[in-house]
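J.: model the following, please.
(chains A and B)
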Amino acid sequence: MRSATSFFDKTLFRSQLKHTWPLWLGYTALWLFLVPVMLFSELSAYQGGYSAADASYLLLNTGVRGGVFISFFFGLFFAMLSFSHLTQSRATNGFHALPVRRETIFMTAYLTGLFCQLSTILVTFLLGAAVSAPLHLSFWNVTGAAMGSAMLEAVFFYSFAVLCMMMTGQILAAPVFYFVGNILVPGMEYLLRDFAGNFLYGYSGHTDVALGFLSPPLYMYTVVDIASIETCESDSYYVTAYALEHRSFMILAAYALAGLVIALIALLLYRTRKSEMTGSTVAFPWATPIFKYGVAFCTAVALGQFLYYFLFGQYRSSGSDSLPGTILCMAAAGLVGYFAAEMLIKKSFRVFRAGAKGAAIVAGVLVLLGIGMSFDLTGYEKRVPDESEIESVYYTFSGMTNVTTDDADTIRRLTAAHQAIVKNRNEQARIADASDADTLSQSDHDDIEPFSLRLTYYLKDGSQLSRSYSLYLRRSDLAVPSSVTARVNALYMCRESVLRRVLGNGCERLGDTPRFLDSYCYYDEKSNTKDYALTAAQAEQVYAALMQDVQDSDNGGSDIFAVQEYRYAPPISFSLELYFESTNEKGRPEVYTLSPPVNGSTPNTLQVLSELLPELNSNTVTPPSDDGIDTLPATEDASTEESVN
Amino acid sequence: MIEVRGLKKTFDGFAALDGADLSVPRGAVYGLVGPNGAGKTTLLRHLTGVYRQDEGSVRFDGEEVWENAGVKARIASIPDDWFYFMQAGLRDMMRFYRGFYPNFNLERYEKLKEVFALDETRPLRRMSKGQQKQAAFWLAMCTMPDYLILDEPVDGLDPVMRRQVWSLILQDVAERGTTVLVSSHNLRELEDVCDHVGVMSRGKLLLEHSLSELQDYTVKLQLAFEGAELPALPQEIKVLHHAQTGRVHTLICRGSAEELEQQLAALHPIFIDAVPLSLEEIFIYELGGEDYAIRDIVL
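T.: As a prediction, the model looks like this:
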C-alpha cells in the first residue's frame, strides 16, 4: 500500500518518462552536439593547436550562455509535456481519479521533467570532460562550473514554465504566458517610465530599468560573465584559461533558488486547481479579473503609446506629446485588450454587452489617470521638500558637475532653484515647444540657453526624491532674483558647485592639507594631446591657482553663461592629473588623483600654467607658445599651430 | 456504503449540483437516472474524487473521498470518456493500473482474456468505442474494487457483450459484495440489474428508493365510471398524471395500490385495476411533476 503522503510515484514516473522520451532524445542530442561532439571536432580539426583556454571557453560559453537559450525553450517544452494532462479534460479526470494525491502527481511530473534535463546536462558535460581530458582542464572551475550553470538555468526556466502551466488550462496559452512573463515586468517598467518621462514634469529615471532582473533570459545573458585568466610570460600577457565569475555563479544560483520557490508556488496552485478548469485560458477564477484588467492595462500602456505615435507622433516635427491624445489612444487600446481578454476567457466573440461594465472601468481609470496627471492631483510635480526635511542633496548640471553635499547654504539654493523651476513650468514648456518648432524670435534665440539639472534629495525619513529638468535660461533674467535663471545661477556659482566644477573628480579626497606628488598636464590641441610632467612643487602651485579660481567664482566673479561658454567652446583647454596623498577610510595614506579641467573659466590656473609652460620638461613635443596662453584665444587655430611648431 | 450529503457544485454561476443527497447501501446496485443536464456526471466525478465540492460531503464508509488515496484505491470508475495514453495498448494500461491499485489481480486479468477478445498490444486509440469500453471494464474488474462507479457503462457495447459485462458485475456483487453505482439512460436495462434507484433533476435527488419500494410507491390505476367525467378525487390522493380514453381513466398516483383502491372504491367506479409501472414510466411521470413532461408538439 503506497503512503498517503508520498510525493513520488514510480508508476507515474515511468509512465511520464515513456511520453517524454522523444523530447528528451532531442534535448540530449542537442547538448551532445554542442559539448562533447563540438569539443571533439575542434580538437581533431586543430591537431594539438587547440589550447586549454579554447576548450574552457567553449565549455563555459556553451554551459552558461548556450544554457540560457536551451533551457529557456526546452524548459517550456518539458513543462508542457509533463503537465499536458492539465489541458485535456479526459486526461485531467483520468489522472485525478487515480488513487494518488495531487501533490504526488505534481511532484512526480515535475521531477520527471527536471530529471530528463539535469541527467542530460550531467552526462553531456562528463563526456565533455572526458573528451577534453588531454588538455588537463580544471574540472570544478571549467566543466563543473559550466555544468552547474546549465543546471541552475534549467531549474529556473523549467520551474517558471511549470508555473505557467498551472495558470492555464489551454496548451497554447502556456507559451504565451511564459514568453510574456519573461519580459513583461521590465518591458512595462520601461514603457511606464517613458510615459511618465513624457508627461510628468521633472520626472527622472525614464531611461532606467530597475527591474531588468525580472527578464531572466536577457539578464542572465547580459550580466553573467566569463572571465579570462591571463599569465605573464616575457612581459607579454596570454589568456591561459577562462572561468565563471563567482558573482555570475551566485546570480544563477539565486535564479535557481527562485525557481524552486516558484515550483513550490506551482505545487500549492496545483493542489487548489479545479479539474473542471481544464480548457480555460485562466485556470483560477480569482486570477480572471487580474488577467482581464492586466491585459487591458498592458495593452493600454504598450499599444496605446504606439497607437498615439502611429496616428499623431510620426508626422509631428515639433512640440511635446499631447496627454489627452495619448490617454485617448491608451483608452482605445485598453478596451481592445480588455475585450480580447474577455473573448479568450469566455471563448466567444459575443462579449461586448456582458463586458461593458468592465470596459467602462478600464476607460474610466485611464481617463482618471489623465485627469490626475493633468492637474497633478498627487502633487508630484509641485513637490519641493522643506529644508528641514533634507539630510543631504545630490545634483548635477548637464551631467558635468556632480555635487553631493549636506551644506545648508547649498541646500537652500537648491530648493530655491527647484521652487522657481516648478513655478515656471508653463513658461518652460512654452519655450521648449517653440524651440522644438524653431519659432523662437531672434531676440529670444539670442537670450535663451538650454541647460539641464538633475537633483536628488536624501530626506531625513530615509526616502529620496529625484527630479530631472531640461531648462531654458534667459540671460536677461540674471538680474531678476526670483527668476529661474537667477536661482539656478546662484546654485551654479555657490562654493560647493564651483569646487567640484573647478577641481573636478577626486576633490572630495583632498582634505585640509593635501600633499601633492609629481603630476601631469595634458594640452589638447585639435586632435592631438601633448603631455607634460609637473613636479610636486608645480602641482602645488597649480592647485593654489585652482583654489583662487574657486574663491573668485564664489565672490561672484563669473556667471553660468560665461562658464558654459568656456566649457563647451573652450578657446584653449588643459587637462590635469594632479596626484596627491591623502588618508583613506581606514586612516592609511593612499594616492589619489585630481582631474580638474582648465579653460577660460579658470583664469588664475591658466595664468599659472602659462608661466610654468616654458619650464616644463616635454617628453614628446614642444610646449605651446612662449607668448602665454592668454594670447591664444584670439586666433586659436593659427596661434596653436605656431606655438606648437 | 456511499453517503453524499448536501452536495453543491457551481460552474460559472450555474448550480450543477444543488444540495444533492444520496445513499448507496453496501452491496447494492444503484441506478442513477435523470434527464440530460441533471448533474449525474458531475455527481459521479465527485464520487471518484475528480471534482472538489463547493459544499457538502462525499463519504465512502465514513471517509471523505477527496484526496484520499486509500479510499480511491478501492474505487474503480468507468467514465463516459475513459482515459488512456495516446500510444498505449491494453497491456500498457494494465501495467499502469497495476502500479496504482494495490489489489490489482493479474490472475483475473489473464482469465478475462477469454471474455474480452481484444488485442492487448494494439493501441487503444485504434480500437472502436465498444472495444475501448471492454478494455475499460477488463481493467476495472481487475482492480478488485469495493466500489464500481459507472457512467453509461454499456453504451457502445453489443447485446451479447452487454449481458456478459452485467453478468461479471453482478457476479462480483454476489461474491465480493461490490457496491455498484451506475448512471444510465437505458432504464429497461437498469430495471433488470438495479435494486436501488435514484432520480436526479436539476442538481438534486428527487427520490431514491429500492426498486421494489419505488414500484410500490407509484401506481398506475385504470378505472371507469358511469359517466365520462372523473369525479372529484379524495384530497389525500396525489395524482402525477391523468389520461382519459372514452370512459376509461388512467391515473398515475403516489401510494400503495391497495390503499388507493380502497380510497377510490368510495367513488363507485365500474371497474378499477392496478397495473405495475415500469422504471421508465416512473421516470417519466416523476419528472413530469418537475416540468419535464413529453409535450405534444406538431411540427
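J.: A:Ser138: neighbouring residues, count only.
T.: Counted by other CB atoms under 10 Å in any protein chain shown, the residues lying close to A:Ser138 total 13. Quick note: C-beta positions are derived from backbone N, CA and C, even for glycine.
J.: what separates the closest residue to it other than its chain neighbours from A:Ser51, distance-wise?
T.: The shortest distance from A:Ser138 to any non-neighbouring residue, by CB to CB, 6 or more residues apart in numbering or on different chains, is to A:Ala241 (7.5 Å). According to CB to CB, to the nearest Å, A:Ala241 and A:Ser51 sit 9 Å apart.
J.: the two: which has the busier surroundings?
T.: A:Ala241 (21 against 15).
J.: so what touches the host helix or strand of the more buried one?
T.: Element membership of A:Ala241, judged by DSSP states H and E, is strand A:236-244. By CB atoms under 8 Å, 6 or more residues apart in numbering or on different chains, the residues outside strand A:236-244 that reach it are A:51-53, A:56-57, A:60, A:64, A:137-138, A:141-142, A:145-146, A:149, A:224-232.
J.: and what of stretch B:104-112?
T.: Applying CB under 8 Å, 6+ apart, the external contacts of stretch B:104-112 come out as B:94, B:97-98, B:138-139, B:141-144, B:168.
J.: related to what we said a few turns ago, out of the contacts of strand A:236-244, which are buried?
T.: By neighbour count, with 16 or more other CB atoms under 10 Å in any protein chain shown, the contacts of strand A:236-244 hold A:52-53, A:56-57, A:60, A:64, A:137, A:141-142, A:145-146, A:149, A:224, A:226 as buried.
J.: how many other residues sit next to the residue nearest to B:Val219 when sequence neighbours are not counted?
T.: Excluding its sequence neighbours, the residue lying closest to B:Val219 (CB to CB, 6+ apart) is B:Ala257, at 4.7 Å. By other CB under 10 Å, the residues close to B:Ala257 number 19.
J.: kindly report the same for the one 4 residues further on.
T.: As a burial measure, B:Glu261 scores 17 neighbours (other CB under 10 Å).
J.: what about it, which SS state?
T.: helix (DSSP: H, G, I helix; E, B strand; the rest coil).
J.: and it, how far from B:Thr218?
T.: For B:Glu261, the distance to B:Thr218 equals 15 Å [CB to CB].
J.: what's the answer for A:Leu211, then?
T.: 70 Å.
J.: okay, now the residue of the stretch 451-600 of chain A at minimum distance from chain B: neighbour count?
T.: Here the residue of the stretch 451-600 of chain A nearest chain B is A:Ser463; by CB to the nearest CB that distance is 45.7 Å. By other CB under 10 Å, the residues close to A:Ser463 number 10.
J.: likewise for A:Gly370?
T.: Using other CB under 10 Å, A:Gly370 has 19 other residues around it.
J.: who touches it in this structure?
T.: By CB under 8 Å, 6+ apart, the residues touching A:Gly370 are A:323-324, A:326-327.
J.: if we use 6 Å, what do you get?
T.: Going by CB atoms under 6 Å, 6 or more residues apart in numbering or on different chains, A:Gly370 touches A:323, A:327.
J.: got it, and A:Leu137?
T.: Taking CB under 6 Å, 6+ apart, one finds A:52, A:56 in contact with A:Leu137.
J.: what about it, distance to chain B?
T.: Per CB to the nearest CB, to the nearest Å, A:Leu137 is found 42 Å from chain B.
J.: and what of A:Asp406?
T.: To chain B, A:Asp406 is 61 Å away according to CB to the nearest CB.
J.: hmm, B:Lys238 is touching B:Ile252, no?
T.: No - between B:Lys238 and B:Ile252 there is no contact under CB atoms under 6 Å: 9.7 Å.
J.: which one of these two has more residues nearby?
T.: Using other CB under 10 Å, the more surrounded residue of B:Lys238 and B:Ile252 is B:Ile252, with 23 against 13.
J.: in a helix, that one, correct?
T.: No - B:Ile252: not assigned to a helix; according to three-state DSSP it is strand.
J.: so how far is B:His241 from it?
T.: Counting by CB to CB - B:Ile252 and B:His241 are separated by 4 Å.
J.: give me the common contacts of the two.
T.: In terms of CB under 6 Å, 6+ apart, B:Ile252 and B:His241 are both contacted by the residues B:Tyr285.
J.: sec struct for the residue nearest the centre of chain A, please.
T.: Note on chain A: the residue nearest the mean C-alpha position is A:Val209, at 4.7 Å, using CA atoms, centre = their mean. Under the three-state scheme (three-state DSSP), A:Val209 adopts coil.
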